[in-house]
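**Q** I'd like to go over a predicted model; first the sequence, then the structure.
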Amino acid sequence: MEQALALETSIHIVALVAYAVAAALVLLGTAMSRPGVVRAGHAIALLGLAIHSVALGLRWYGAGHGPYLTRYEVLSTNAWVAMSLMQVLGWRRPTSRVLAVLLYPAVLLLLGLAIYTGPEVKLLPLTFRGAWLVLHVCFYFVAFSAALLSLGYGALHVAHDRRFVKRIAGLPDAHTLDRESYRFAGLTFSFWGIGMLTGAIWAYYSWGRFWGWDPVETWSLVTWFVYGIYLHARRFYGLKGRKAAVLLMLGFLLAVLSLFFTSFLTTSLHSEYFH
Amino acid sequence: MRRILDILTSRRTSIALMAFVAASGALGAWIPQSSLGQTEALAIWQEKNPLVARVADTLGWYDIFSSWWFFAVLGVFALALSVATVRMIAAAWRRQRGAVGVTHTDMPGADPRAIAERARAAGFRERRSAGTSRVFIRHGIGMWAPAVFHVGLLVSLASAVVALGFTSGAVADFSQGEVREPGAAYHAVEDAEDPPEIGVPIRFDGIETETWPQGGLKEVVATLSVLDEGGVWVPRTVSVNHPLRLNGHTIYAQPGEFGDAAFAIFTTPDGTEYPIRIEFVFAEEGEYVYTDPPLMIGGIAIDGRWDPHGVRDPKPLALRPAGDSSAEPVTLAEGETVTVAGLTVEYVATRKWARFIVQREPGIAVLMIGFTVIAIASLMLYAWIPRTLVLEEIEVGIRYGWRAARMSRSYLGERDAILGVDRMPGEDA
């Protein structure tokens, strides 16, 4: 187990290097309008994902629990889910690869932060168990990645006229970017909501109540409402363009706050998470 | 009245209410709430933010989540959600029946029968239509997804109301082998007038622990036996995260609320006997623990130490006058009698003890339903994308209308295949 843990840290660093190279190639290839370089970037990102998967698997084995407790585990898993979603999306719909210019650096940042926080292993608290907890964290991982993709599409939409963005090969029109941003915001809303509900059920089994206005729960609800407002404002009041992007940005910032910062700001029943 | 109801249940109001609840929630998460027992954190926060604290105090921001205005807003929100849900169901019903169909594009020379045939072959089902147009729908079930999602939200909200109105909790302490009969007193209750009652005798049989190789509790499993109707004790297990569900009640094991209990008889100088159960929390290998707070026996405070692994002394129980760190503790093994602070103490026996939370929480069942409905709705939203084709015969051919909840290129391709054209000019995917 200790060997696995020692190995996974090194493999994580290799994955980080692969992501860094991939991000650099995609950005350089785009800036220089060299599709071949961008393709090489995608290939290296895929390789990085494979290496990252091995690192997370070893972490899981070595720590004796899923990678969802410490900052290192949470950030690394979020990076992995975001990259996996990006690769699946790119495979299913090649036009979505345009997101790589934003998503690869974001994944690099997440994994870099994970490694920076240190791979210290923490024992899983007694209450952090069970199928509902696993569902809860999985839905949040996917919700965060969907939020990242939504924000990426929103950012590309807003910056559609910029010279760098125009150079992205296969960039869809502004309308499509805007619509995709909306779609992924919808996915974020659904997954975030289900994540909250599964979390509530887990809380019932762990702490004897399913909602207690704990700061982490409350920030999560606030985030969900902001995504709800965004979706309703778009659906019924035609909110589009920059205003929509600003609201989306607010939702994303709240998502980051509720997932990664609340444990720094306040004491909570979730305090064992992300420490 | 109708006007007020319309305003309260409008979409604009719903969005405003969501914004208000979000802002209030953010405020309540930022400012420690005394209603949530965060008094210590609140005092620190008030000291750090004296100016904002004065404003917050005036506006009642220390009790946001139990304030009347917050409940009122949630109530209006629930009303708006209910009305929106009913409207959505009605709209979905109309669309499902094919009552909503707009034609807008002419196709001269097109054969309506061939198009209808291709639509049916592509999995579209024809709906009865009141007018002259024919309506074909594929994945009509998807039209219900937003309505079902909102029903799920309403049910989840209802679970909070049920929880608020009907939850009742109590704390039950057990020694190994002890039986709790129905109606017996609890160690503590949330609401003395309406305590939870399981209604069957329960016996605490024991508790097993497992620790990580590095130390720290890995698992705690208690065994509670329940007397069934046939008079047989049926063992059931309770662990942290896997509570026992019994007669609509839930029994929780507590991670730090179990251990060894030393049964002792304390006798005061005047001859009064006090049979006491001294509860010590679980001590891991190589650890010893103290009583907290001290025991009060006949007005005399005693500190107890429990050393089951023989770290400080081969005898597990040690007693000394509370607060006197200079006094050497008197140690005892089971069956021994000693004198401490003028009290005669007979250490009779050792048993496991555990504290359980007994809770009646009908809201969880409602929440489970809400979760299931929302999960199904989410699946419907992404798995079944409804498409509607409306055909109307005109003199020169047909006029058609096409609607897909998600206007992706693949659905336009599907439409073009049904209509028998390569590409419809001037349309954006």
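**A** Now that the structure is in, tell me what you want to look at.
**Q** per-domain residue ranges of chain B.
**A** Per automatic domain parsing, the domain ranges recorded for chain B read B:97-139+B:385-421, B:260-351.
**Q** buried ones in the helix or strand hosting B:Ala119?
**A** Here B:Ala119, judged by DSSP states H and E, is contained in helix B:112-121. By 16 or more other C-beta atoms under 10 Å in any protein chain shown, the buried positions in helix B:112-121 come out as B:112, B:115-116, B:118-119. (Each C-beta comes from the backbone N, C-alpha and C, glycine too.)
**Q** same check, this time on stretch B:90-108
**A** By 16+ other C-beta under 10 Å, the buried positions in stretch B:90-108 come out as B:91-92, B:95-96, B:98, B:100-101, B:103, B:107.
**Q** now those in TSV, with secondary structure, pLDDT and distance to chain A?
**A** TSV is the format used below for the buried residues of stretch B:90-108 (DSSP: H, G, I helix; E, B strand; the rest coil; pLDDT from 0 to 100; distance: C-beta to the nearest C-beta, whole Å):
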residue	secondary structure	pLDDT	distance to chain A
B:Ala91	helix	89	13
B:Ala92	helix	89	15
B:Arg95	helix	82	16
B:Gln96	helix	80	20
B:Gly98	coil	70	23
B:Val100	coil	70	17
B:Gly101	coil	68	21
B:Thr103	coil	73	24
B:Met107	strand	88	25
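**Q** other SSEs contacting the helix holding B:Ala119?
**A** strand B:125-127, strand B:134-138, strand B:387-394, strand B:397-404, helix B:409-419 (3 or more C-beta pairs under 8 Å, 6 or more residues apart in numbering or on different chains; DSSP states H and E).
**Q** any chance of the buried residues of stretch B:90-108 in CSV with distance to B:Ile198 as columns?
**A** Output for the buried residues of stretch B:90-108, formatted as CSV (distance: C-beta to C-beta, whole Å):
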residue, distance to B:Ile198
B:Ala91, 46
B:Ala92, 43
B:Arg95, 49
B:Gln96, 46
B:Gly98, 54
B:Val100, 53
B:Gly101, 58
B:Thr103, 64
B:Met107, 71
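**Q** still on that earlier bit, looking at the domains of chain B, which has the lowest confidence?
**A** Of all the domains of chain B, domain B:97-139+B:385-421 carries the lowest average pLDDT, namely a mean of 84.
**Q** picking that back up, wait, which of the helices and strands packed on helix B:112-121 is closest to chain A?
**A** Nearest to chain A, of all those, is helix B:409-419, at 9.5 Å by C-beta to the nearest C-beta.
**Q** could you check the angle helix B:112-121 makes with that closest one?
**A** For helix B:409-419 against helix B:112-121, the angle by axes from the mean of the first three to the mean of the last three C-alpha atoms, to 10 degrees is 140 degrees.
**Q** okay, buried residues for helix B:409-419 please.
**A** So for helix B:409-419, counting by 16+ other C-beta under 10 Å, buried means B:411-412, B:414-415, B:418-419.
**Q** what's the answer for stretch B:341-360, then?
**A** Neighbour-count burial for stretch B:341-360, counted by 16+ other C-beta under 10 Å, picks out B:341, B:343, B:345-348, B:350-360.
**Q** those residues: which ones sit near chain A?
**A** Filtering these for proximity to chain A by C-beta under 8 Å from any C-beta of the partner chain leaves B:357, B:359.
**Q** what does stretch A:259-275 contact?
**A** Contact with stretch A:259-275 is made by A:68-71, A:74-75, A:78, A:122, A:125, A:128, A:140, A:144, A:203, A:207, A:212, A:214-217, A:219, B:29-30, B:32, B:38, B:41, as judged by C-beta atoms under 8 Å, 6 or more residues apart in numbering or on different chains.
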